[in-house]
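Engineer: I need the structure of the sequence given here:
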Amino acid sequence: MQYFEKLLDFLDIEQAEDRNQYLKFTEKSSVNERRANGLAWYPIAIRGTEMTKGDYIQVEVERTTHQDVSHILRFGMPAALFSNHDPKEARIEGIISHQSGNKLKINFRIEELPDWASDGKLGVDVLFDDNSYAEMRNALKLADKRAESQKDQLLQILIGEREATFEELPTANVQGLNESQSAAVQKILAANELALVHGPPGTGKTTTIVQAVKALIQQGVKKILVTAPSNTAVDLLTEKMAEQKIAVLRLGNPARVTEHLLAHTMDNQMAEHSSMKDVKRLKKQAQEFKQMAHKYKRNFGRAEQEQRKLLFNEAYKIMKEVEQSEQYLMDEVIARAQVITATLVGANHYSVRSQQYDIAIIDEAGQAIEPACWIPILKAKKIVLAGDHCQLPPTIKSAEAARSGLSKTLFEKCIELHPKAVSLLEEQYRMHEKIMNFSSEAFYDGKLKANAAVAQRLLFAGDIPLLFIDTAGCGFDEKLEGTSSTNPEEAAFLMKHLQRLLIELNADYTTTDFPSIGLISPYKQQIAILQEQLAHLPDIDTYKHSISVNTVDSFQGQERDIIYISMTRSNSEGEIGFLADIRRMNVAMTRAKQKLVVIGDSATLAQLKFYDNFINYAQSIDGYKSAWEFML
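Structural biologist: The predicted structure is shown next:
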């Protein structure tokens, strides 16, 4: 079918570009560069090995230095153990089976570790993840096959060939939800095939999903799958459902490693099973046979080699028994769960690969590329997509794939195709109404309203909740550093304004209740300048626990009492680059709870109608100031 054939083509283009970017960087980079970019751990120490499922051995490693460096090594990713004595030859490839803090477990399909593994200078490289692409490709091929049969009603609705249908149900009584949240839960219950939850910033989308899951369980729905594109989003949903006493099973390893979350993982629940003692005993027995085999070296005689082979065979025979026992325990753990949570690709985890569900919920669907969504979709009779297509889009590496259509999410398509299936969450609990109103008009047809608890909440009496500070005519010209724009003078001005605000806040707050502050710029190099200048701010040690600096993308899903945005661009040509991505700016502006300060050059920004409207809005609420007013 042409619909899926196109998606497969886009996915091929994206995979090729993703792999090309990965190889381009890793082939030329040193281990220190790879470590700094989160692609490697080095140095590491081996903490233990054990036999595991199939023909694998599991190796536990720990990074011994640079433990504060962020990284992308996660459960399910391919990785290579290497020796820096000879990094090209001395390396073996496997799959990360567990990641927790500074420890990793990696499964390798080998009988024993090579000799170089005991010579030190060891590290772990993350490899290009072909597996995720393979899962997406398989899902699209299966969807294509099912579409050809013309019998799959859900599939036909999702691609726009049929209308979504709904049952007339008695109104559900859901405690603790506002009117629009209750309506969304009602629509999810009434949907026969598809429901869409549009959740603008601060409107309680996660709360709504969790209450919908509770209502579905009360309705008698037995098998529920809840997914999201990121581990962090899956963790949040798992946590919130567990708080509601829902029996939830988290597949994969959580990104936020807390005891509370670990209690809901497959590993933890299997470990607590009464039959696990027998499994451990068998594993220990297999390990002993294997250790006996290691006493025989390959340069011994034929008889020793035969004995070694027999010992390995015995170990693997026991491990087959272990595998069967573990599968039985796994099936029991899955059967006990009311809800299974996983990332989109993780929904095809080996333990639940053939599992089918009554309903699958995809959260953050506005940030999920469509091929990944088809993995959970094909496992369910009914689908709920929740998200906000007016915030950050999915990350697409290939400009060609993005232009061709991969950047348009299934969520966006369904919003357009099935308006009757959409529930807009209208009441937000984060922002002062003057911060909210511009975003509401620009993105949500003016439908958002601020909850009474936050609508008029100020930092202190007489404060202005939204400011646009205009640097036009100040000579704060942007500069280019590599491929990123910077504006050191704008950054310095921001610091002076921040310093004045900190002094004002000292009159009303102590260090224990001091407001949280976020400094945002869309440009990475401007972030580096802001971080450097912040370090030299007078008395910064008093406030540094309250202040964070990062890009717009890094603040997605977060909030702060005060947000500063350094727009950075200021040039006579009126070029604004990717500031033209107004969805990204929607994210930045809606992080603020009580005060939003946007600093930029109106002469450059107003070339785009969105920013011209914002400047006019700031003027209409007495929130427009010239930078000159603060420089006198």
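Engineer: Let me see the contact set for the spatially most central residue of the chain.
Structural biologist: With distances taken as CA atoms, centre = their mean, the residue of the chain nearest its centroid is S230 (2.8 Å). Counting by CB atoms under 8 Å, 6 or more residues apart in numbering, S230 makes contact with 255, 343, 364, 367. Glycine gets a C-beta too; all of them are placed from N, C-alpha and C.
Engineer: Give the partner strands of the helix or strand hosting V61 in its sheet and their orientations.
Structural biologist: Here V61, judged by DSSP states H and E, is contained in strand 57-63. Here strand 57-63 is paired, per DSSP bridges, with strand 40-51 (antiparallel), strand 103-108 (antiparallel).
Engineer: Any chance you could list what contacts that strand?
Structural biologist: Residues outside strand 57-63 that contact it (CB under 8 Å, 6+ apart): 41-52, 81, 94, 97, 102-108, 110-113, 122, 124.
Engineer: just checking, next helix/strand downstream of that strand?
Structural biologist: Next along the chain after strand 57-63, taking DSSP H and E as the criterion, comes strand 78-83.
Engineer: tell me what that following strand is packed against?
Structural biologist: strand 91-100, strand 103-108, strand 122-126 (3 or more CB pairs under 8 Å, 6 or more residues apart in numbering; DSSP states H and E).
Engineer: CA atoms only for the shortest one, dumped as PDB, please.
Structural biologist: To tie it back to what came earlier, the one meant is strand 122-126. What follows is strand 122-126, C-alpha atoms only, in PDB (Å, rounded to 0.1, in the frame of the first residue of the first chain):
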ATOM      1  CA  LEU A 122      38.900  -1.000  28.900                       C
ATOM      2  CA  GLY A 123      36.000   1.000  27.700                       C
ATOM      3  CA  VAL A 124      32.500   0.700  26.200                       C
ATOM      4  CA  ASP A 125      31.300   2.300  23.000                       C
ATOM      5  CA  VAL A 126      27.700   2.600  22.100                       C
END
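Engineer: Now find how far off-centre that strand is within its chain.
Structural biologist: On the basis of CA atoms, centre = their mean, to the nearest Å, strand 122-126 is displaced by 23 Å from the centre of the chain it belongs to.
Engineer: can you give me the mean pLDDT across that strand?
Structural biologist: Strand 122-126 shows a mean pLDDT of 96 in the predicted model.
Engineer: picking up where we left off before, so which of the contacts of S230 belong to strands?
Structural biologist: T343 (DSSP state E).
Engineer: For the contacts of S230, give me CSV that also has pLDDT and distance to A472.
Structural biologist: Shown next, in CSV, are the contacts of S230 (pLDDT from 0 to 100; distance: CB to CB, whole Å):
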residue, pLDDT, distance to A472
A255, 74, 42
T343, 95, 45
E364, 97, 37
Q367, 96, 34
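Engineer: which non-adjacent residue is nearest I224?
Structural biologist: Residue nearest to I224 in three dimensions, not counting chain neighbours: V339, with 4.6 Å by CB to CB, 6 or more residues apart in numbering.
Engineer: Now for that neighbour, how many residues are close by?
Structural biologist: Around V339 there are 27 other residues, counting by other CB atoms under 10 Å.
Engineer: Any idea what it is bridged to?
Structural biologist: Going by DSSP bridges, V339 forms beta bridges with I224, V248.
Engineer: need the contact list for T542.
Structural biologist: Applying CB under 8 Å, 6+ apart to T542 gives the contacts T511.
Engineer: tell me the SS of it?
Structural biologist: Secondary structure assignment for T542 (DSSP: H, G, I helix; E, B strand; the rest coil): helix.
Engineer: which ones are touching E426?
Structural biologist: E426 sits next to 179-180, 203, 447-449 when contact means CB under 8 Å, 6+ apart.
Engineer: Let me know the closest of these to D86.
Structural biologist: Closest approach between the contacts of E426 and D86, by CB to CB: T203, at 55.3 Å.
Engineer: That closest one against M431, yeah?
Structural biologist: No - look at T203 against M431 with CB atoms under 8 Å: they stay out of range, at 10.6 Å.
Engineer: So for S325, what's the pLDDT?
Structural biologist: The per-residue pLDDT reported for S325 equals 78.
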